[in-house]
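Colleague: Build the 3D model from these lines:
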Amino acid sequence: MAYEISLAGKTAVITGSNSGIGLGIAWELARAGAHVVLNSFTDAEEDHALAQQVADEAGVTARYIQADMSKGDQCRRLIEEAGRCDILVNNAGIQHVAAIPEFPVEKWDAIIAINMSSAFHTTAIALPMMRSAGWGRVINIASAHGLTASPYKAAYIAAKHGVVGLTKTTALETAKEPITANAICPGYVLTPIVEKQIPDTMKEYDMSREEVIENVMLTRQPSKEFATVEQMGGTATFLCSDAAAQITGTTISVDGGWTAL
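Modeller: Residues are numbered from 1 along each chain as shown. Take a look at the predicted model:
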């Protein structure tokens with residue numbers, strides 16, 4: 001049996017998707033035929049223009065819905081306003097680096113809310129929609145830090161470990177239904193934010209671009225290459241395919257060998 005990936009007629013909601021990994025996933029799902037809902041906490045003209053660009057180029061329906069993922073009621077409103085959610089991609093996230101005794105409480109609360117609790121709120125509203133449609137995919141963007149740890153990132157690592165646990169529970173609660181739940185665990189991905197950090201890091205360490213990437217940014221990534229947002233999108237699209245119908249409750253590492261160490 002040959003498997004072809006067509007998501008025609010499906011609607012995908014991707015949180016935190018006006019740039020970076022979320023946008024890369026939205027593009028690939030749209031290219032596979034899914035209607036997409038983009039999201040972030042801003043509500044600028046360029047956000048809505050971006051959705052229109054996806055619609056025009058991919059030939060699907062695309063909308064932008066503003067919602068602050070730090071607030072549970074807005075997470076739930078996002079899914080309700082979308083009206084349909086066959087594919088839920090929980091991608092929104094923030095980071096802060098500090099030692100535990102100095103970690104600001106407000107930063108801890110915000111990271112846990114956006115990186116972990118938002119996925120609970122969106123999933124709670126999306127699952128009944130998926131059950132009504134008779135099909136669904138929940139894809140949580142965790143991290144290599146959902147499987148391992150580093151110092152000074154207590155909130156991020158706690159949240160991403162929590163996302164992995166939530167993924168497993170979601171999979172078990174839907175195991176006898178045509179719904180799957182999986183977590184993608186990226187290592188370092190070349191997003192616009194990361195790209196902007198490279199010149200400053202070159203100056204700080206007096207290194208070339210290649211030296212900074214290999215010896216500073218990718219010290220824990222054995223491949224010494226960034227993953228791309230397109231690869232994140234391709235992985236998410238595969239998880240939506242019929243070929244992945246029995247892949248549920250697991251993590252897919254896209255980390256250049258980081259978690260193999």
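Colleague: okay, CA-based contacts and neighbour counts for the rest of this
Modeller: Fine.
Colleague: mind listing the strands in the stretch 101-250 of the chain by residue range?
Modeller: Assigned by DSSP state E, counting those that start in this stretch, the stretch 101-250 of the chain shows strands spanning 136-141, 179-186.
Colleague: export these to CSV and tack on distance to Glu210?
Modeller: What follows is those, written out as CSV (distance: least, CA to CA, whole Å):
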stretch, distance to Glu210
strand 136-141, 27
strand 179-186, 21
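Colleague: and among those strands, the most buried is which?
Modeller: Greatest average neighbour count among the strands of the stretch 101-250 of the chain goes to strand 136-141 (a mean of 28), per mean count of other CA atoms under 10 Å.
Colleague: packing partners for it?
Modeller: Applying 3 or more CA pairs under 8 Å, 6 or more residues apart in numbering; DSSP states H and E, one finds that strand 136-141 makes contact with strand 87-90, helix 118-133, helix 154-173, strand 179-186, helix 229-239.
Colleague: out of these, which comes closest to Leu29?
Modeller: Of all these, it is helix 229-239 that lies closest to Leu29, at 5.8 Å by CA to CA.
Colleague: Buried residues in that closest one, which are they?
Modeller: Buried positions in helix 229-239, judged by neighbour count with 16 or more other CA atoms under 10 Å: 229-237, 239.
Colleague: And for stretch 31-41?
Modeller: 31-41.
Colleague: what does stretch 216-224 give?
Modeller: 217-218, 220-221, 224.
Colleague: who's in contact with the nearest residue to Arg77 once chain neighbours are set aside?
Modeller: In space, and not counting its chain neighbours, Arg77 is closest to Ala67: 7.7 Å by CA to CA, 6 or more residues apart in numbering. Ala67 makes contact with 39-42, 74-75, 77-78 under the criterion CA atoms under 8 Å, 6 or more residues apart in numbering.
Colleague: Reformat the buried residues of stretch 31-41 into CSV and put secondary structure, pLDDT and distance to Thr148 next to each item.
Modeller: Formatted as CSV, these follow (DSSP: H, G, I helix; E, B strand; the rest coil; pLDDT from 0 to 100; distance: CA to CA, whole Å):
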residue, secondary structure, pLDDT, distance to Thr148
Arg31, helix, 98, 33
Ala32, coil, 98, 32
Gly33, coil, 98, 35
Ala34, coil, 98, 33
His35, strand, 98, 34
Val36, strand, 98, 32
Val37, strand, 98, 31
Leu38, strand, 98, 30
Asn39, strand, 98, 28
Ser40, strand, 98, 28
Phe41, coil, 97, 29
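Colleague: Tabulate the strands of the stretch 101-250 of the chain in CSV, adding columns for distance to Gln53 and mean pLDDT.
Modeller: As requested, the strands of the stretch 101-250 of the chain are exported to CSV (distance: least, CA to CA, whole Å; pLDDT from 0 to 100):
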stretch, distance to Gln53, mean pLDDT
strand 136-141, 24, 99
strand 179-186, 26, 99
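Colleague: which stretch among the ones you listed comes nearest Tyr152?
Modeller: Judging the strands of the stretch 101-250 of the chain by CA to CA, what sits closest to Tyr152 is strand 179-186, at 18.9 Å.
Colleague: Which other helices and strands does the closest one contact?
Modeller: Against strand 179-186 (3+ CA pairs under 8 Å, 6+ apart) you get strand 136-141, helix 154-173, helix 229-239, strand 251-254.
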